[in-house]
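# have a look at this prediction, sequence included:
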There are 2 protein chains.
Amino acid sequence: MPSDAALDLTLDLTADVVTLTRQLVDIESVSGEEAVIADAVEAALRALPHLSVERFGHTIVARTSYGLSERVVLAGHIDTVPVNGNLPSRLEGGVLHGLGSCDMKGGDAVILRLAATLERPTRDVTYVLYDCEEVDAARNGLNKLSQSHPDLLAADFAILMEPSNAGVEAGCQGTLRVEVRTHGERAHSARSWMGSNAIHAAGDVLRRLEEYVARQPVIDGLTYHEGLNAVLVSGGVAGNVIPDECVVTVNHRFAPDRTEEEALAFVREFFDGYDVTLTDSAPGALPGLDRPAAKEFVDAVGGEVGPKFGWTDVARFTTLGVPAVNFGPGDPTFAHKQDEQVAVSEIEHCERVLRAWLARD
Amino acid sequence: MPSDAALDLTLDLTADVVTLTRQLVDIESVSGEEAVIADAVEAALRALPHLSVERFGHTIVARTSYGLSERVVLAGHIDTVPVNGNLPSRLEGGVLHGLGSCDMKGGDAVILRLAATLERPTRDVTYVLYDCEEVDAARNGLNKLSQSHPDLLAADFAILMEPSNAGVEAGCQGTLRVEVRTHGERAHSARSWMGSNAIHAAGDVLRRLEEYVARQPVIDGLTYHEGLNAVLVSGGVAGNVIPDECVVTVNHRFAPDRTEEEALAFVREFFDGYDVTLTDSAPGALPGLDRPAAKEFVDAVGGEVGPKFGWTDVARFTTLGVPAVNFGPGDPTFAHKQDEQVAVSEIEHCERVLRAWLARD
C-alpha cells in the first residue's frame, strides 16, 4: 500500500475551499487505492479538538457531541474512477479541472472546511469520508460502516455531497449489474466450422442493447431516466481458438419506482434466452420530499429540486430510516468524463449555504 | 522458469512410440512454457552419438551428417494451446486422449523414435523440435531459427508432422490477425445518454462476422476452406463507466491462392468503416505437388493427398525454397478441442511409413 513516508501528504484545512479541493484532486485515489488520501484526511481531522475521530479501513468518521436536539450527517466518498489523463488539477477561468473535481472532491472539501471551522454548530454533525463508492456495493465504505456501526450513522437528516449543480436532488436511481454469458464450442480457428463462436453469439446481446429504449417515469413531479449499458466485455481463449465463452457485463440504472427485484426481472426478460448472473445490486430511493427534515432543508437552501439519476448513498440512508438528499457542487454530467470539472462558484456556494444552515440559530 | 531438479523429466526413446507420445503429453507445455519439455527432448537427443545437437531457446535441432546426396527435415512443435481440463493423458480402446496428443506430440514422438533408431538413414536427416507454434508468428521457434540459422534448415525436402490423418496434406492456408476497434465517449453510466457506448458499437462488427460466408476455392484439385472469426474481445473501463473503446481480435484463415496483402485487403474491406490494425500475418503455401521431391514422397507413402486447412510451417519452408508437406498422425479436427485425441494406429503408421522410406535404399 502506498502509505510510506515519501507519500505522506498534508491537507491544510485553513486554506480556502477551492485550494483544499485542488489538494484533494492532486492526491490520486482510484477505488481500492485510497490509503494516502485517507491518511491525509484522518490526520487533518484528528488535529481538531472539537471532533472525535474514528477510522475503519479507509473510511473516516468525525463527530461533534454537544448533545444538541438534532444531528445531521454530511457524507462524501474519497475515491475516483480510473485516471484518464486528467491529473493533476488545473484552475482556469473560475473552473477547476481534473479527475474527481466534480465527483466528488469539491463536496469533500466543503465537508472538511465545515468540520474545521464549525466549532459550535447549531446541530450536532457527523462528518463521513469513505472509500470504494465507485465500485461494487459490497466494497462501499459507507455500506460496510452501516453494517458494522449503524449507530455512527444515526441522525435526523443526511446530506450526500454528490454533484448536483449545487442544488438539491432528491431520491436516486438504483443500480444493478449482471453478467450475460454466451456459450460456444472450442475448435481450432483454421477449421472454425467444427466449433461454435461464443463471441459472434454475443452480437445479438449487443444488438438488443443498441435497440434498448429507456423508461423515463415521473415520480413526485421529478422525471427519472433509466439506462441499460454494457460496461465490460471479455471473451477468447487464444489467437487461434474459436472461443467457447463470452461475458458481457451490463449495468442497469433503474428509477426508484422499481425495487431491485423488479429491475432484475426486467433485465432477465430483456436478455431472455441467455445465461444471466446478478453480480451487484443497490436499491434506488424515492424522492421522500414529504419528510419534515427534507422539507426544512429544501426551504432553507431554496431553489428548485431535481431528480438524481446516479445512484448515491442516499439510498443507503433511506434503508437506515434517515431522510437524505443529494446536495453538492458540480455538474454530474462531467462525472467520469475525461474533461471532468467543477465551477469554483458552486463549491463556494455549497460551503456558504451549509455554513449558514448549520451556524444560524 | 520451471527447470529445477524436482521438475526434471526423462524421456525414454527406447520405449514404443505410443508410450513416448504419452510421456510427451504428460509434460505440460503451453506456448511460452516449454522449458521442461525442451530440457527433456534435448537430454534425450544429446544421448545419441550419431546426432549433433544444438539448442536455440527452446528449439532443438539434431542432425546426421553422413554427406549423403539428399537431406530431409522432420519437424514438429512441442507447445500446445492452454490446458482445458484435458491432462494427463488417457489411453482407451486404441485411442490416446489428452492435450497435445493430436496437435502434435504424436508426431513429435515419431520424430524422436526415428532420431533414436535410424542410426544410418538413407538420407541425411535434420530433426527439429521447436516452441511457440500456437502463438504469434514472431515468437515461432522455427521462424526464429529460419532467420538466425537458415543453413540448419537447408534440405531437399521437409516433412511437417502436423496432424493430417496420417496422410499427406499439401500446401496450407495463410493466417492473419487484426484488431478491429470501435470508439465511443466515456460518461457515467447513470447518465449514459451523455456518452457513447463503444461496446454496443461492436455489435455491428460481430453481426458482420456472423453473416460471413467462407470462400472455398479449388487449387490443384484440392478444396480449401477459409475462415473469419473473432478470437478475442475486450472492452470496458469500470462497472459504472460508458466504455470508449472495444477491441475485437479477428483471425482470418485464407486459401493459398491469396497473398497476405490480398487477404488483408479483403479483411479491411469487410470491416469497412472501422479502425483495423494488423497484428500478425503468415502466408499460405500452394500445394506444390509438381515438385519432384514432393511427388516422390507422395508416391512412397501412397494414398490420397488432401488440402491443409490449418496454417503450418510448410509455408515457412516454401519461403526458404524447400519443398514441404504435412504428414502426421491425428485427425486435425480434434486439435485445440477439449476432447483432443489421436488413434494409436495412426502414430504407429506414420512411424512405419517414414522408417521404411528413410531406411530403404
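Great, that's in hand.
# quick check, pLDDT for A:Gly303.
Looking at A:Gly303, its pLDDT stands at 76.
# not counting sequence-adjacent ones, nearest residue to it?
Among residues not flanking A:Gly303 along the chain, A:Gly167 sits closest, at 5.1 Å (C-beta to C-beta, 6 or more residues apart in numbering or on different chains). C-beta: built from backbone N, CA, C; applies to glycine.
# what's the neighbour count on that neighbour?
Look at A:Gly167: counted by other C-beta atoms under 10 Å in any protein chain shown, it has 19 neighbours.
# now do the contacts for it.
Counting by C-beta atoms under 8 Å, 6 or more residues apart in numbering or on different chains, A:Gly167 makes contact with A:301, A:303-306, A:327.
# among those residues, name the buried ones.
Using 16 or more other C-beta atoms under 10 Å in any protein chain shown as the burial test, these include A:301, A:305-306, A:327 as buried.
# show me the longest helix that occurs in chain A.
Looking across chain A with DSSP state H, the single longest helix is helix A:344-359.
# helices or strands next to that helix in the packing?
Applying 3 or more C-beta pairs under 8 Å, 6 or more residues apart in numbering or on different chains; DSSP states H and E, we find helix A:344-359 packed against helix A:17-25, strand A:95-97, helix A:106-117, helix A:292-301.
# if we can go back for a sec, for the buried ones among the contacts of A:Gly167, which one is nearest chain B?
A:Gly306 (12.5 Å; C-beta to the nearest C-beta).
# give me every residue in the stretch 1-150 of chain A lying close to chain B.
Counting by C-beta under 8 Å from any C-beta of the partner chain, the positions of the stretch 1-150 of chain A adjacent to chain B are A:31, A:81-82, A:84, A:103, A:134-136.
# could you dump those residues to CSV with secondary structure?
Shown next, in CSV, are those (DSSP: H, G, I helix; E, B strand; the rest coil):
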residue, secondary structure
A:Ser31, coil
A:Val81, coil
A:Pro82, coil
A:Asn84, coil
A:Asp103, helix
A:Glu134, coil
A:Val135, coil
A:Asp136, coil
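# drop anything exposed from those.
Buried among the residues of the stretch 1-150 of chain A next to chain B (16+ other C-beta under 10 Å): A:31, A:81, A:84, A:103, A:134-136.
# and these, which is closest to chain B?
Of those, the one sitting nearest to chain B (C-beta to the nearest C-beta) turns out to be A:Val81, at 5.3 Å.
# returning to what we had before: torsion angles phi and psi at the residue nearest to A:Gly303?
Main-chain torsions, A:Gly167, degrees, to the nearest 10: phi -120, psi 170.
# who touches the longest helix of chain A?
For helix A:344-359, the surrounding residues in contact (C-beta under 8 Å, 6+ apart) are A:17-18, A:21, A:72, A:74, A:91, A:94-96, A:106-107, A:109-110, A:113-114, A:117-118, A:121-123, A:125, A:159, A:161, A:165-166, A:297, A:300-301, A:327-330.
# sort out which of the residues you listed are buried, if you could.
Counted by 16+ other C-beta under 10 Å, the contacts of helix A:344-359 give A:17-18, A:21, A:72, A:74, A:96, A:106-107, A:109-110, A:113-114, A:118, A:121-123, A:125, A:159, A:161, A:165-166, A:297, A:301, A:327-330 as buried.
# so A:Arg90 touches A:His97, yeah?
Yes: using C-beta atoms under 8 Å, A:Arg90 is in contact with A:His97, at 4.5 Å.
# who has more neighbours, those two?
A:His97 (19 against 14).
# want to try CSV for the helices and strands packed on helix A:344-359, with distance to B:Pro292 as columns?
Putting the helices and strands packed on helix A:344-359 into CSV (distance: least, C-beta to C-beta, whole Å) gives the following:
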stretch, distance to B:Pro292
helix A:17-25, 75
strand A:95-97, 73
helix A:106-117, 80
helix A:292-301, 92
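# circling back to that earlier point, give me the subset of the contacts of A:Gly167 that lies in strands.
Using DSSP state E, the subset of the contacts of A:Gly167 located in strands is A:306, A:327.
# phi, psi of A:Leu142?
For A:Leu142, the backbone dihedrals (degrees, to the nearest 10) come out as phi -70, psi -40.
# that one contacts A:Ile60, correct?
No: counting by C-beta under 8 Å, A:Leu142 does not reach A:Ile60; the two are 11.3 Å apart.
# list residues touching both of those two?
A:128, A:130.
# domains for chain A, by residue range?
A:4-171+A:285-359, A:174-282 (automatic domain parsing).
# what comes up buried for the helix or strand of chain A with the lowest mean pLDDT?
Lowest on mean pLDDT, DSSP states H and E among the helices and strands of chain A sits helix A:292-301, with a mean of 81. By neighbour count with 16+ other C-beta under 10 Å, helix A:292-301 contains the buried residues A:293-294, A:297-298, A:301.
# and for stretch A:259-271?
Neighbour-count burial for stretch A:259-271, counted by 16+ other C-beta under 10 Å, picks out A:260, A:263-264, A:266-267, A:270-271.
# turn the residues you listed into CSV, including distance to A:Val241 and pLDDT.
Shown next, in CSV, are the buried residues of stretch A:259-271 (distance: C-beta to C-beta, whole Å; pLDDT from 0 to 100):
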residue, distance to A:Val241, pLDDT
A:Glu260, 38, 96
A:Ala263, 36, 98
A:Leu264, 33, 98
A:Phe266, 35, 98
A:Val267, 30, 98
A:Phe270, 30, 98
A:Phe271, 26, 98
